[in-house]
Structure formats: C-alpha cells, structure tokens
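A.B. asks: Next one to model:
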Amino acid sequence: MDAQTLAKFNLFRNVVEQFVPFTDEEWAIFQSHLKLLALQKKDFFVEAGKVCPYIGYLVSGSVRCYHLKDGTEITSYFSLENEMITSYKSFLTRTPSQIAIESIEKTEMVVFNLQSLQELVNTPLLSLKMERFGRLIAEFLIFCYEDRVTSFVTLTPEERYLNLLSKSSNVIKRIPQHYIANYLGITPVSLSRIRRRIMAPSKELREVLS
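C.D. replies: Numbers count the residues shown, from 1 in each chain. Coordinates of the predicted model:
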C-alpha cells in the first residue's frame, strides 16, 4: 500500500476512533476491506432507483443528496470532507435507493461494501465494535434527517440559510447557489434577496467604521 493511500485510510481511522477505538491488530483487519473511490464532478455515488453499493467517508470534495419528484430535483443534504455518506436503507436491504448522491466537485472517498461489513461483524475479534459502528452510522443519519425535517417545519427560508451558514460556511462558499436555493426550498432570486438583506448590516457597519 502506498503512503498516500495509507494516509487517507488513517484519516478515516481518526474519525471512526472518535466513537469506536481499534487496536492496531483490529484496524489492520478493518483496513483490509477498505478501498479508495474517486469521483469526477457530477459523477454519481448512487443513482435514485439503484442499489447503494457503499458506505463512504469523504476524504476530499463534496456531494449532494437529492430526491426526484416528477422529474424535479429536491436537494436534501450536502456533505463535505470528514463526513460519512450513504443511502443506508438501500445499502442494508439491497433495495433501490430513494435518493441520488452526486459529486459537486472532484471527490475522493474511503469506502467499503455490505459484504465487507458483514464479514467484519462476523469476525470474533471485531464483532462487537463493528455492530456499534453500524449503529452509530444509523444514529448519525437519523439525527441529520430529523434536523432537516424540523428546520423545514419550524424555520423560514432566511432562518434556514442562517442556520446553514452558522454550521458550515464552507457549504456557502463551495456549493453552487442554485443548489443551496433548491435545498432551502426557494428560488435563486429569493436567495439573492436573503443574502443582500444579511449583508446589508455588515456593509453599514463597515461604512460607519471607515
């Protein structure tokens, strides 16, 4: 294994071990099931209607999750570096995914498939830790879903934008504005108005201080 690949696997290990610690012996077994996946801009990690092949950890780049309704894309989530991504129900049940996950930028991931997960769960040395690992992935995805539903029910588009800005300024800088508007459930024109309103106090403050 070359040094660059090993470094990327170690990034994944650092994230995993925030929740589930592994000895070097245990990690060597886990690592043997990992591989790197490279996506070009607008490549699919999974298409709607197809089975999700992997659980992925983003080493670099970004992806967009969206649903299709009557041919219209409805953006539900963005993921950037150091996040896990999958269509979990499709991955576990081997049924067609209800969401599409598409790269926004050139993206690289550490991935593993369901067969590897099952083999690791059935490995006595790793079984308990891998079961915990799987549960934590499920919890993460459930929390994300609940947060998104709550924001759409209780917040205005401007409040949702501010919430997105406070949690991840990188999303605002790197994700095309029409995708952000789609995620917020508004038009790009409405998003431009929201951004102008938000920027106005900062501009006024700069003028006062100058």
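
A.B. asks: Select the longest helix from the chain.
C.D. replies: helix 127-154 (DSSP state H).

A.B. asks: average model confidence for that one?
C.D. replies: For helix 127-154, the mean pLDDT works out to 84.

A.B. asks: where along this structure do the helices fall?
C.D. replies: With DSSP H as the criterion, the chain has helices at 3-16, 24-31, 88-93, 114-121, 127-154, 157-167, 169-174, 177-184, 188-209.

A.B. asks: okay, those, which one's buried deepest?
C.D. replies: Neighbour counts (mean count of other C-beta atoms under 10 Å) averaged over each of those peak at helix 177-184, with a mean of 19. (C-beta placed from N, C-alpha, C; glycine too.)

A.B. asks: Show me the shaky parts of the protein.
C.D. replies: Along the chain, segments meeting pLDDT under 70 span 200-210.

A.B. asks: Mind listing the residues bridging to the residue most central in space within it?
C.D. replies: In the chain, the centroid-proximal residue (C-alpha atoms, centre = their mean) is residue 79; its distance is 3.1 Å. When bridges are called by DSSP bridges, residue 79 pairs up with residue 63.

A.B. asks: Who are the contact partners of it?
C.D. replies: Residues in contact with residue 79 (C-beta atoms under 8 Å, 6 or more residues apart in numbering) are 58, 62, 63, 65, 85.

A.B. asks: mind putting those residues in a markdown table, neighbour count and distance to residue 156 included?
C.D. replies: Shown next, in a markdown table, are the contacts of residue 79 (neighbours: other C-beta atoms under 10 Å; distance: C-beta to C-beta, whole Å):
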| residue | neighbour count | distance to residue 156 |
| --- | --- | --- |
| 58 | 24 | 30 |
| 62 | 21 | 26 |
| 63 | 25 | 27 |
| 65 | 23 | 22 |
| 85 | 23 | 28 |
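
A.B. asks: Between all of the residues you listed, which two are separated the most?
C.D. replies: Spatial extent of those (C-beta to C-beta) is set by the pair 58 and 65 at 12.4 Å.

A.B. asks: Need the residues touching each of those two.
C.D. replies: Residues touching both residue 58 and residue 65 (C-beta under 8 Å, 6+ apart): 79, 85.

A.B. asks: Return the distance of the residue nearest to the centre of the chain relative to residue 118.
C.D. replies: Residue 79 is 25 Å from residue 118, where distance means C-beta to C-beta, to the nearest Å.
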